[in-house]
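The sequence and its predicted three-dimensional model are supplied below.
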Amino acid sequence: MKMNFYIAVFIVLVSAGISGCQKKYLPTDRDAFDLGSSFSTTVYHPVLGRTTLFTDNFKDISSSKPLNFRMLNLRAFDGSAAPELLKPFPTLVWIKKYTGLETSLAEIEAKRKTEDHPLFEIRQHSGEFIMWSSARSSILRPMPDSGYVFDVEVSNNGGRKIIEGLKLQPYRERDYEPNNADLITGNVTNDVVHPLSVSNIIGDSSGIALTAQDVEISFHQASFTGSSLTFKFLDDQNRLIDPAKFNLTDWAKLVHGFNMQKTGTYVKYDVAYPIPLVELPTAYTNSTGTLAHLDFGYERLGFGGVRQVSGLLFDFSIFAKGDWEIVIAFTKETPRFDND
Amino acid sequence: MNTNNMRYFLSFILVVCSGVLLHAQTTKRITGTVLDGSNKAPLVGVTISLRDTANAITATDGNGNFSVTVPVSTTALYFSNIGFKTKSASVRGKNMLEVYMEASNDAMQGVVVQGFQKRAKSTATGSTVSLSGEDIQNVPVSNFTELLQGRVAGVNVQNTTGMPGARTSMTFRGMTSGSISGSGNDAFLTPTSPLFVIDGVPVDINSGYEYGFDQSGPGMSPLSMIPPEDIETIDFLKSGGATALYGSRGTYGVVLVTTKRGKTKVPIIRYSGKFYINAVPKLKPVIGGQLERELRIRQIMENDSSLYSGRDKIDMAPGLSDYLNPYYNNSTDWQSIFYGPTFNMSHNIQASGGDQKFNYKVNAGYSKDQGIIKNTGFTRYALSMNTDYRPSERFNLATSFSASMGEQQKGNGNGVSQTGVASAVSASSLLPRPSFFGGNATALGNFSTRNENKSSNLLGNVQLRYEFIKGFTLSDNFSYTYSAGRETNFTPSLINNNTATAYAYDDKKQELNNRVMLALNKEYGRHLINAYVFNEVTSRTFYPKAIMHYGSPNDQYEGPLGYDPATGLWGIVDNYTPGYRIMGNGGNVTYNYDGRYILDLTYRLDGTSSNGPNQPFIKNPSISGRWNFYREKFLESASWLSDGAIRADWAKNITPQGSIFDANGKYLFTGRFNNNPTIGLDWEFIPNPNLLPITAQKYNAGLELGFLQNRFNLTLETYYEQKDNELYDYAIADHNAFSKKKTNALSSVNYGYEFSVGIMPFPRTSKVTWNINFNGSINRNVVTHLPDDARLILKYDTDNKQDIVYRLGRSNLSYILYHYRGVFQSDDEVPVDPATGKPYRAQTDKGTYYFGAGDPYWTDLDGNYIIDGNDRVIAGSAATKVFGGIQSMLRYEGWALNINMSYLYGRDILNNALAQRLQSYSNPFALQKDASLIPISDIDFWSPEKADARYPNPYNYLYNGIYSPFRFDQTLFMEDGSYFKINTISLTYMLPKSLISRFNMTTFQLFGTINNVHTFSNYSGPDPELVTDLGKDRSDGYPNRRSYTLGLNIQF
């Protein structure tokens, strides 16, 4: 009987022995890290005063996802510390989907909230950089200063890599677009811009069609605290034109604004900034959603009683909050609104 | 010659003769009968030998009688027969014997093949499993490998297609390839079937499938050419030690198939016939007629951008709006047009006879297996014979010859897929039934194409053995195979855009094998030494040609004249491999001490023509050993232990890969220069003179135990197999003249455990015999090396985007998928980028789509609010983790009930079929293809009324193309493919001898069999087995049919 016991133990030992020690020399199943991965953009030029997201900036072929990114050694170009970049500032972030169908300012504001963020951040897993709109030239060093230098650590549990010497060189604020200000110095020689297109608008005195160059548009920020947008039209004598003369304009849908005040001299809306709020195509934007879209039009009876439809298109964006005014001046010639 | 010399010569003759006479006087003659102990039926073909391990000296005839002449000193005779326990009978003082043999299911007994020699199982050092042909007799299949499913531990057989005559997927110990060709559902793994050796002739079963599913040629597996009735034994050589002598092609294992041989003095004639019905499995239900039209219209009205746009689109689609037009006013059930049950039969007749000096066998078989899809089927005509001539103990000549012809109708598809049928079946039910005026050209094509596929095989084999000095044997094994395949296909112009197409394919394949061997057999007391050296040569040629003519003058005239020469194509098939040469030299030494300790050493040098010229020969050594501990003295007292052994082996094997062009470059016709045809280099691949074959290093260890006279036995095995040097196409810098290089870069390891248990619950004396076998294997598959020492490589799939990922430490068939988290129940649930305010979205070249209610939510791994390739996770694998089978054989007097079951666990399937089913709603205007609307009311999908659902909204057809909610590469469609399958149930009744003897019959057996009985699985698709090796369930596959058989076996 004792013999049988020993034999049983022996058999168990042998079977255990042959089934062990197999995994020892196999590679461990850990993340792959591609040492050839790197940033495809190494110098970042955000425009201050607007939230800028740099996307598609990291190239990686054969790493296991997700990767982890961390910004290191954020410093000024001369090597001195740059605490201003690390300090959190309050900024507006989106929490719900903006649709363009909101019916009040309160509804829009309910979709955003204020959070504290450092002015320049990196997204943890995608390596995208965010410059928040709270960054102003009063806090950071804008161009033509050489700006800031920083390093990024990329890692997963298969390896890590530090990419050194990435540069951040912000441009000065450009509160609205289109904008003629010099990118680097911010100097403005002529702040007047022109509409996207002018169609079939005839000068009142000459009867000659106006071109986009004959119409001058300027932006004025009346205050920094309010949140409104006003449209005014000027004739060649710098007199205000009654907006009602643009009788084909869909004033209610002109911008995503509320509480429209339409007088004989201006049209004013309460709006939320920036305009457009989100780069999404809506009824108030161009087809890609990058700029707000204005469409002013009127009709009249032309020569021989033929209906003439005239129009003016203008795409724009405004980034800073305030009481803004857009003045459209027909400097060369006042349009002809009356029937022939 | 002077008289003196003459005298010496005569006296010499006298002495020699007297010696012979003296010798003759020392023998005696023994006659007798061998009967089956359980039913007292005579046993045919029982081999009788003088020793346990010696060669047979005779065998019993058709009535179980034998007669043998043995030396007087003989004390016992040994009787062995497959399926029975070896029996020894004392002959001391006896001239008549009656021997009763006991059936056994012991895996321990019997003979197995290791290397080139048959030996007693108790001396085998490698891992070999032997299966009797009896086990697979009563099921009608075109390809006998279908029946091997679940029978042998470590051999994974998956019937991935129901196409008659096509190949099954068979892998040994998880050995698969890392190279994938093709894309989408057609992506396939380089076939890694084991080497089949049929009666000593190696048969290449991977051929014809080098090109994937869309194989060129008739698409018949050479194994389909063997009638299952003619199979005597099948041996599976699993470990490196067992396949060591097949070193030049043995990486993926070796299967030896031996056909029946004549054994009886009285010639016997055996007939077996099977009559069976192939039944159609449950087909998918389809919405038809008015219901379909209304569903489409409702979908458009509810989901288009506006009411007017939707109305306009419906008005522009006559299939939806013109419902009074008889062309669109139908409810056609396309599936019933293609699928239907078929009645089939197979017949096999065999004559055999002879004795030890000369025996013969002739076998003729006919089988016709019509598939359940119209216009598909397989017909086999096979004729084979073998003879064995042994004028003396020292000389032996065995020949075998077989000729077979197969005819296959492929329908409009090929071996695996039935894309033609699938696409025709996916037509809208609104279209009329097939006619030349019908709308479904593909459907018509399935019936009106003229298609003929023929394959013919000739196998010849001569084995010569001569023992020129006692103990020294010279032998030669020569075999030659010739096979030819032909396919012709004519598509009439009426269904092919007014252009008739004639396609003709023709190939021929020749293979010559010769092995010459010098063997030494010496016994010194308890020491037994067996050694041999050999030289082996294999030469194979392959030459496929194809010609394609467009635009014959009419549909009755198939050319060759009158076609449009400008568009005709002809030549050899793309990427063909021209054949190869293999030469091997080697030797083997076996040392056996007292049957207790056995050691095997093998060394061989193999050269293949596809090796690079710098690496012509590869050294393939092996070492293996066995310890039969139950024969040790200290275990003599343990009477309960009837068998016990430990064995271990290590070996290196190779398998040629690629073609001679990869190593040496290729010249091609490169156009005309100065109006002369020119030949130039092929610039695609740079020749790689260092190319190596696939090399495998295999470790194997096993424990064999038998208890209580082997009523219970157990085999445990473990293995570790490393496969290196698999080819990888490596892109080289673009300033080189060549663009790619083939390198030896991929390595993987398979390790695992196998067990098989045999149980006989009733004692051997019982009237009821019941044998149960369980077997199972656990296999793990790990990638161990990738090109450039990378840890991760993606193999892109351009069609379905179901990329395969190779990552070190993971299975080589891992998936990389979008992780599906659920459905957005409302717009508010969609995450929004806090910085830009843009919601979670899909960006493709077709545009940007912002997700909303009813859309799928996939994990955004990198947190950029865009769902793209970077968000995929490695999840699941197509590799099988656990598989095995259960067999039960119950016998009571003349009745026998056999049940064969198999199981598989831990395999992930991508349910492309379900994905496609949901995708078919993405275009409500399509009528021709992907247009059959399958009811999805059983599927829990999102709708405004039912927001809490598992599947996204299928009806959002305007934007489906951008964000593909039912993309194939997501975890939503990854399912567990585990199953338990009842393969066959077979009931046999043997008529009592008294009833049939007046008709001169010795056996009359009736049987009924159901094949493919039922599969138990949680998988939501139709069949968890009907998936590709890459784990994709495809909706255009050929379903596995269930067959019901009635048959009889008669022996005269």
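The structure has been received and is ready for your questions.

Quick one: name the residues of the stretch 501-650 of chain B near chain A.
B:634-635, B:637-638, B:640-641, B:644, B:646, B:648 (C-beta under 8 Å from any C-beta of the partner chain). Using the backbone N, CA and C atoms, a C-beta is placed for each residue, glycine as well.

Can you list which of the residues you listed are found in helices?
Among these, no member falls in helices (DSSP state H).

ok, which pair from the residues you listed is furthest apart?
B:Ser637 and B:Ala648 (26.6 Å; C-beta to C-beta).

More neighbours: which of those two?
Neighbour comparison, B:Ser637 and B:Ala648: the larger count goes to B:Ala648, with 20 against 11 (by other C-beta atoms under 10 Å in any protein chain shown).

mind listing what the more buried one touches?
By C-beta atoms under 8 Å, 6 or more residues apart in numbering or on different chains, the contact set of B:Ala648 is A:18, B:624-625, B:699-702.

check contacts around A:Leu85.
A:74, A:118-120, A:140, A:148, A:168.

May I ask which of the residues you listed comes out lowest in pLDDT?
Lowest model confidence among those falls on A:Leu140, which carries 85.

That one: neighbour count?
Going by other C-beta under 10 Å, the residues that sit close to A:Leu140 add up to 22.

so which strand or helix has it?
Using DSSP states H and E, A:Leu140 falls within no helix or strand.

Kindly provide the distance from it to A:Tyr269.
32 Å (C-beta to C-beta, to the nearest Å).

pLDDT averaged over stretch B:477-485 - what is it?
Mean pLDDT, stretch B:477-485: 89.

Name the residues of that stretch that are buried.
B:477-481, B:483-485 (16 or more other C-beta atoms under 10 Å in any protein chain shown).

Same check on stretch B:703-713?
Neighbour counts using 16+ other C-beta under 10 Å place B:703-706, B:709-713 of stretch B:703-713 among the buried residues.

same check, this time on stretch B:548-562
Result for stretch B:548-562 [16+ other C-beta under 10 Å]: buried residues B:548-552, B:555, B:558-559.

cool, stretch B:838-850 as well?
Residues B:838-842, B:848-850 are the ones in stretch B:838-850 that count as buried (16+ other C-beta under 10 Å).

could you pick out which of the residues you listed are near chain A?
B:838-839, B:850.

Mind putting those into CSV with distance to B:Gly906, secondary structure and pLDDT?
Output for those, formatted as CSV (distance: C-beta to C-beta, whole Å; DSSP: H, G, I helix; E, B strand; the rest coil; pLDDT from 0 to 100):
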residue, distance to B:Gly906, secondary structure, pLDDT
B:Lys838, 41, coil, 88
B:Pro839, 38, strand, 89
B:Tyr850, 39, strand, 88
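
quick one: which of those is nearest to chain A?
The closest of those to chain A turns out to be B:Pro839 (C-beta to the nearest C-beta; 4.6 Å).

Pull the contacting residues for the closest one.
By C-beta under 8 Å, 6+ apart, B:Pro839 lies in contact with A:97, B:830-833, B:850-852, B:865.

out of everything not next to it in sequence, what's closest to the residue in the stretch 201-340 of chain A that chain B sits nearest to?
Going by C-beta to the nearest C-beta, chain B is nearest to A:Val278 of the stretch 201-340 of chain A, at 3.5 Å. In space, and not counting its chain neighbours, A:Val278 is closest to B:Gly837: 3.5 Å by C-beta to C-beta, 6 or more residues apart in numbering or on different chains.

Also B:Asn1012?
B:Asn1012 sits nearest to B:Arg1042 (C-beta to C-beta, 6+ apart), 4.6 Å away.

Can you get me a residue count around B:Ser624?
Count around B:Ser624 with other C-beta under 10 Å applied: 26.

So it sits against B:Tyr699, correct?
No: between B:Ser624 and B:Tyr699 there is no contact under C-beta atoms under 8 Å: 10.3 Å.

Mutual contacts of those two, please.
Common contacts of B:Ser624 and B:Tyr699 (C-beta under 8 Å, 6+ apart): B:240, B:648-650.

Of these, just say which sits nearest to chain A.
For the shared contacts of B:Ser624 and B:Tyr699, the nearest to chain A is B:Ala648 (7.5 Å; C-beta to the nearest C-beta).

Dig out what the closest one forms beta bridges with.
Here B:Ala648 shows beta-bridge partners B:Gly625, B:Ala701, assigned using DSSP bridges.

So it versus B:Gln510, what's the distance?
40 Å.

and if you look at B:Val44?
Separation of B:Val44 from B:Gln510 (C-beta to C-beta): 37 Å.

what's around B:Pro621, how many residues?
Residues near B:Pro621, counting by other C-beta under 10 Å: 15.

what do you get for A:Asp78?
By other C-beta under 10 Å, neighbour count at A:Asp78 equals 8.

What are the boundaries of the helices in the stretch 301-450 of chain B?
B:307-316, B:318-321, B:334-338, B:419-425, B:441-448 (DSSP state H, counting those that start in this stretch).

What of chain A?
With DSSP H as the criterion, chain A has helices spanning A:2-19, A:83-86, A:105-109.

one step back: can you add distance to B:Gln370 and give the contacts of A:Leu85 back as CSV?
Converted to CSV, the contacts of A:Leu85 look like this (distance: C-beta to C-beta, whole Å):
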residue, distance to B:Gln370
A:Leu74, 76
A:Pro118, 74
A:Leu119, 76
A:Phe120, 73
A:Leu140, 80
A:Tyr148, 78
A:Leu168, 74
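
Please work out the angle formed by the directions of the strand or helix carrying B:Leu291 and helix B:307-316.
Using DSSP H and E, B:Leu291 sits in helix B:289-303. Computed by axes from the mean of the first three to the mean of the last three C-alpha atoms, to 10 degrees, the angle separating helix B:289-303 from helix B:307-316 equals 150 degrees.

by contact count, what packs against helix B:289-303?
Judged by 3 or more C-beta pairs under 8 Å, 6 or more residues apart in numbering or on different chains; DSSP states H and E, helix B:289-303 is in contact with helix B:307-316, helix B:318-321.

mean pLDDT lowest for which of these?
Mean pLDDT values for the helices and strands packed on helix B:289-303 show the minimum at helix B:318-321, a mean of 81.

Give me the residues contacting that helix.
With contacts defined as C-beta under 8 Å, 6+ apart, helix B:318-321 is touched by B:293, B:296-297, B:300, B:314-315, B:325, B:328, B:428, B:430-431, B:924-925, B:927.
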